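> My questions are about this predicted structure, shown below with the sequence.
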Amino acid sequence: MTAPAALETRGLTRRFGGFAAVDGVSLALAPGSRHALIGPNGAGKTTLVNLLTGAIRPGAGAVLLEGRDVTALPQHLRVKRGLARTFQINQLFPDLAPIEAVTLALAEREGLTARWWRPVRAHRALAEEAAALLARLRFAPAEMAAPTRDLAYGRQRLLEIALALALKPRVLLLDEPAAGVPPEESREVLEAVAALPRAVTVLLIEHDMDLVFRFAERITVLAQGRVLAEGTPEAVARDPRVREVYLGE
Ligand code: ADP
């Protein structure tokens, strides 16, 4: 028997009024894969991500995490089952250094924040874990210790990813991780993500086609709420329907 998909949807449908923003979408992320979701504005990408995380409920269809149906689970329980998405940095404390923010996130996950009097030793171990996590995302020691507000924008986006990774996800949803990042930094962001351990399956939602084709092993193309095409970057780039709808050719 082959392993179940890391994340799967079956006939997922969500209507707003009479309008189907997501219309019978079935997709499957292979365990450990780097998968991208693309599509023109209004294709239903944001709605689909919100259905995956549990922020909104489908009218029909199912979401499965490692083969288990999580359609009825609220967001926090999906996170507990291993599904994480990036946070928006502007919800964070700009005065905190990345090492402090990630240590706090790890402590939160371990349930240590409510017990601040716990031995310092426990926190030291978490700080070491935080440093290792940030190093994996190519933070230099000086960058880990600087206030977040002083970091380059690309580094701030990587900190968002670090905070999601602190939840120890099996599946990571990255919603436009390079949005607003200068081109020379955005490649760095995606390269750091591509170098994550294969224990984490990644779904990237991204507008920048260059980044998508550099990063993804599989691409799902949405258009008008439906899956228009699914396959390797090469196959998707060649598909005349995709070129017509998405690339405007
Ligand atoms: P994308 O992220 O691909 O741009 P969205 O998921 O944001 O697409 O939107 C898909 C379609 O659903 C759009 O036509 C949008 O106007 C509509 N839509 C999204 N959310 C709502 C909502 N809460 N109420 C009504 N229509 C919505």
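Yes, it's here. Numbers count the residues shown, from 1 in each chain.

> And the pLDDT for the residue positioned nearest the centre of the chain?
Nearest to the mean C-alpha position of the chain, counting by C-alpha atoms, centre = their mean, stands Leu173 at 1.8 Å. Looking at Leu173, its pLDDT stands at 96.

> contacting residues around it?
Counting by C-beta atoms under 8 Å, 6 or more residues apart in numbering, Leu173 touches Val49, Leu52, Thr53, Leu83, Ala84, Arg85, Thr86, Leu203, Ile205. All C-beta atoms are positioned from the backbone trio N, CA, C, and that covers glycine.

> That one looks like it's in a strand, true?
Yes: counting by DSSP: H, G, I helix; E, B strand; the rest coil, Leu173 is found in a strand.

> I'd like the contacts of Leu173 laid out as a markdown table, including secondary structure, neighbour count and pLDDT.
Formatted as a markdown table, these follow (DSSP: H, G, I helix; E, B strand; the rest coil; neighbours: other C-beta atoms under 10 Å; pLDDT from 0 to 100):
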| residue | secondary structure | neighbour count | pLDDT |
| --- | --- | --- | --- |
| Val49 | helix | 19 | 95 |
| Leu52 | helix | 23 | 97 |
| Thr53 | helix | 18 | 96 |
| Leu83 | strand | 27 | 97 |
| Ala84 | strand | 22 | 94 |
| Arg85 | strand | 23 | 92 |
| Thr86 | coil | 20 | 86 |
| Leu203 | strand | 26 | 96 |
| Ile205 | strand | 20 | 92 |
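
> In a markdown table: the residues you listed, plus distance to the ligand.
Shown next, in a markdown table, are the contacts of Leu173 (distance: C-beta to the nearest ligand atom, whole Å):
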| residue | distance to the ligand |
| --- | --- |
| Val49 | 8 |
| Leu52 | 12 |
| Thr53 | 13 |
| Leu83 | 18 |
| Ala84 | 19 |
| Arg85 | 14 |
| Thr86 | 15 |
| Leu203 | 14 |
| Ile205 | 8 |
